[in-house]
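S.K.: take a look and give me a structure for this.
(one chain, ligands or ions: 1)
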Amino acid sequence: MSSIGRIRGFSDILGQEARKFRFMEDRAHSVFSRYGFRELRLPMLEHTELFARSIGSDTDVVQKEMFTFPDRKGRHLTLRPEATAGAVRAYIEDKLYSGGGLTKLFTVGPMFRYERPQKGRQRQFHQVNAEAFGSASPLLDAEMILMLWTYLRELGLTDLTLQINSLGCRECQPVYAERLQDYLAHTDRSRFCADCQERAQRNPFRLLDCKQSQCQELMRGAPSMLDSVCSDCRSHLDTVLDSLQQLGIPYEVNSGLVRGLDYYQRTTFEIVSGAIGAQSSVAGGGRYDDLVRQLGGPDHPAIGFACGMERLSLLLEDPGPEVTDFYLAVLDPEGFSEGMRICEELRRKGWKGEMNQETASVKSQTRHAHRLGARFCLFLGQEELARESITVKDMSSGQQSQCGKEHLPDMLRQ
Ligand code: HAM
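M.R.: The predicted model follows:
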């Protein structure tokens, strides 16, 4: 019978890759909790409408990339393509604002987008996300970027660039939309891709984000958002940039940074790497001050970011093989229960190791201990059982000695 393979764009994460993922998750818990963030575990499946209303129905994510299907009762459900919409839903539904002040949440897990798979781009990928609700202060923007920067530093990543922009607010975005429409009125629309031709009237911002080269070429001369933002948005951005400078975080202002999701306003940012190919953005985020209100919640501003774990993993050094302290080779079937007892005692003292469950020769067990990378191979045969001792082989020097069972932990420690 033929075997069943993985779905295209989905991966099994194992070995060194799994250890890198564990490292990224552990660092996220450690760094984010120092900044007052609490963990939130969100459902993987949400109502499709949640994403259409938050990410925006004109975006590529909603139009082309969602895994959407009807459930048994015909309701439209979607595997989450990102975590912000779900976090906002939870914020509103679970009244996470009821304690007053800021609500700071982080979440880690898989996301799903039906994109063309390539290096750094999967259909199931993983994000580390952080979201802070309840303040419009530019100092919060700076602190979020500082926390992201600290996280990346603690992962050991330094050769990264922070790009930052402002996308304006509900007052100045319509002014910019008008300037864009003016520009488009003087451009030959038929040269845009079919999607852009369709979106030009409804949502001209999306033309700035199109990946098609002919559209990027046509939009090169478009007016920049930064030149159109109101004075409040300009001073908001200036305060963020000032704080970043004081915190020693280098940045590049990129007025072409538009992001692919509709909910952003004011500060938006990305962290890019020059070392991982075309999919160079390892993290992205920004303010979404209107989203909570638009989804039926209180008028609370918010800001967040997400890091792509597969892309970060491409930059992380190999963690090296897993350490195994011992391998216990039981050489006589009568020794199995005693062997299990010895192993358990060593594990309770914090040593990592395992034993055989089926008899095998000394030679093949020693080979297995080598394969595991065990520091010590312990032998338990008839002789050792009779003497209540263990033969200990130091795998790096090859030296072998006898040891009373009660002295085994001390011997391994030495
Ligand atoms: P995003 O820019 O769509 O933002 O995704 C954030 C990061 O996820 C990207 O920078 C990238 O590293 C990673 N990523 C995205 N798509 C893929 C893919 N197909 N394969 C591998 N990695 C991918 C968001 O998702 C926003 N929710 C971020 C945010 C949080 N904004 C505010 N709060």
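
S.K.: write out the residues of this protein neighbouring the ligand.
M.R.: Counting by CB under 6 Å from any ligand atom, the chain comes close to the ligand at 82-84, 113, 115, 120-122, 125, 127, 129, 131, 260-261, 281-286, 304-306, 308, 310-311. Where you see a C-beta, it was placed from the backbone N, CA and C, and this is true even at glycine.

S.K.: can you count the residues close to Phe21?
M.R.: Counted by other CB atoms under 10 Å, the residues lying close to Phe21 total 19.

S.K.: that one and Gly15 touch, don't they?
M.R.: No - look at Phe21 against Gly15 with CB atoms under 8 Å: they stay out of range, at 10.7 Å.

S.K.: so where's the stretch 251-400 of the chain shaky on pLDDT?
M.R.: Judged against pLDDT under 70, the stretch 251-400 of the chain has no low-scoring part.

S.K.: and with 90 instead?
M.R.: By pLDDT under 90, the low-scoring segments of the stretch 251-400 of the chain are 256, 258, 319-323.

S.K.: picking up where we left off before, looking at the residues of the chain next to the ligand, which are in helices?
M.R.: Taking DSSP state H, the ones among these that sit in helices are Thr84, Glu310, Arg311.

S.K.: could those residues go into a markdown table alongside neighbour count?
M.R.: Formatted as a markdown table, these follow (neighbours: other CB atoms under 10 Å):
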| residue | neighbour count |
| --- | --- |
| Thr84 | 26 |
| Glu310 | 22 |
| Arg311 | 24 |
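
S.K.: surely Gly109 meets His126?
M.R.: Yes - assessed by CB under 8 Å, Gly109 is found in contact with His126 at 6.5 Å.

S.K.: may I see the buried residues of stretch 390-401?
M.R.: If you call a residue buried by 16 or more other CB atoms under 10 Å, then stretch 390-401 has these buried ones: Ile390, Thr391, Val392, Lys393, Met395.

S.K.: wait, which of those residues is closest to the ligand?
M.R.: Checking the buried residues of stretch 390-401 against the ligand with CB to the nearest ligand atom, the nearest one is Met395 at 39.6 Å.

S.K.: and Thr391, that's in a strand?
M.R.: Yes - according to DSSP: H, G, I helix; E, B strand; the rest coil, Thr391 belongs to a strand.

S.K.: give the contact list for it.
M.R.: Contact analysis of Thr391 by CB atoms under 8 Å, 6 or more residues apart in numbering lists Leu378, Phe379, Leu380, Gly381, Glu384, Gln400, Ser401, Gln402, Cys403.

S.K.: quick check: domain ranges of this structure?
M.R.: 15-172+229-315, 324-413 (automatic domain parsing).

S.K.: which of the ones you listed sits most buried?
M.R.: Burial of the domains of the chain is given as mean neighbour count (mean count of other CB atoms under 10 Å); domain 15-172+229-315 ranks first at a mean of 18.

S.K.: endpoints of that one, how far apart?
M.R.: Terminal residues of domain 15-172+229-315 lie 17 Å apart, using CA to CA, to the nearest Å.

S.K.: so how far is that domain off the chain centroid?
M.R.: Centre-to-centre, domain 15-172+229-315 and its host chain are 10 Å apart (CA atoms, centre = their mean, to the nearest Å).

S.K.: repeat for stretch 380-395
M.R.: Distance, stretch centre to chain centre, for stretch 380-395: 47 Å (CA atoms, centre = their mean).

S.K.: ditto for stretch 361-378
M.R.: 37 Å.

S.K.: what helices or strands is the helix ranked longest in the chain leaning on?
M.R.: In the chain, taking DSSP H as the definition, the longest helix is helix 15-34. Secondary-structure packing of helix 15-34 (3 or more CB pairs under 8 Å, 6 or more residues apart in numbering; DSSP states H and E): strand 103-112, strand 124-133, helix 138-154, helix 309-315.

S.K.: which residues touch stretch 362-372?
M.R.: With contact meaning CB under 8 Å, 6+ apart, stretch 362-372 is reached by Thr324, Tyr327, Ala329, Leu331, Glu354, Asn356, Ala360, Cys377, Phe379, Lys393, Met395.

S.K.: now do 7 Å
M.R.: Contact with stretch 362-372 is made by Thr324, Tyr327, Ala329, Leu331, Asn356, Cys377, Met395, as judged by CB atoms under 7 Å, 6 or more residues apart in numbering.

S.K.: determine which two of these are furthest apart.
M.R.: The two members of those with the most space between them (CB to CB) are Thr324 and Leu331, at 19.3 Å.

S.K.: kindly present the contacts of stretch 362-372 as JSON lines, with separate columns for distance to Thr48 and secondary structure.
M.R.: Below are these laid out as JSON lines (distance: CB to CB, whole Å; DSSP: H, G, I helix; E, B strand; the rest coil):
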{"residue": "Thr324", "distance to Thr48": "47", "secondary structure": "strand"}
{"residue": "Tyr327", "distance to Thr48": "52", "secondary structure": "strand"}
{"residue": "Ala329", "distance to Thr48": "56", "secondary structure": "strand"}
{"residue": "Leu331", "distance to Thr48": "61", "secondary structure": "coil"}
{"residue": "Asn356", "distance to Thr48": "52", "secondary structure": "coil"}
{"residue": "Cys377", "distance to Thr48": "56", "secondary structure": "strand"}
{"residue": "Met395", "distance to Thr48": "56", "secondary structure": "coil"}
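
S.K.: what is the nearest of the residues you listed to Leu208?
M.R.: Distance to Leu208, by CB to CB, is smallest for Thr324 among those, at 52.9 Å.

S.K.: the closest one reaches Ala374, doesn't it?
M.R.: Yes - using CB atoms under 7 Å, Thr324 is in contact with Ala374, at 4.5 Å.

S.K.: what sits against Arg259?
M.R.: Contacts of Arg259 (CB under 7 Å, 6+ apart): Thr268, Gly284, Gly286.
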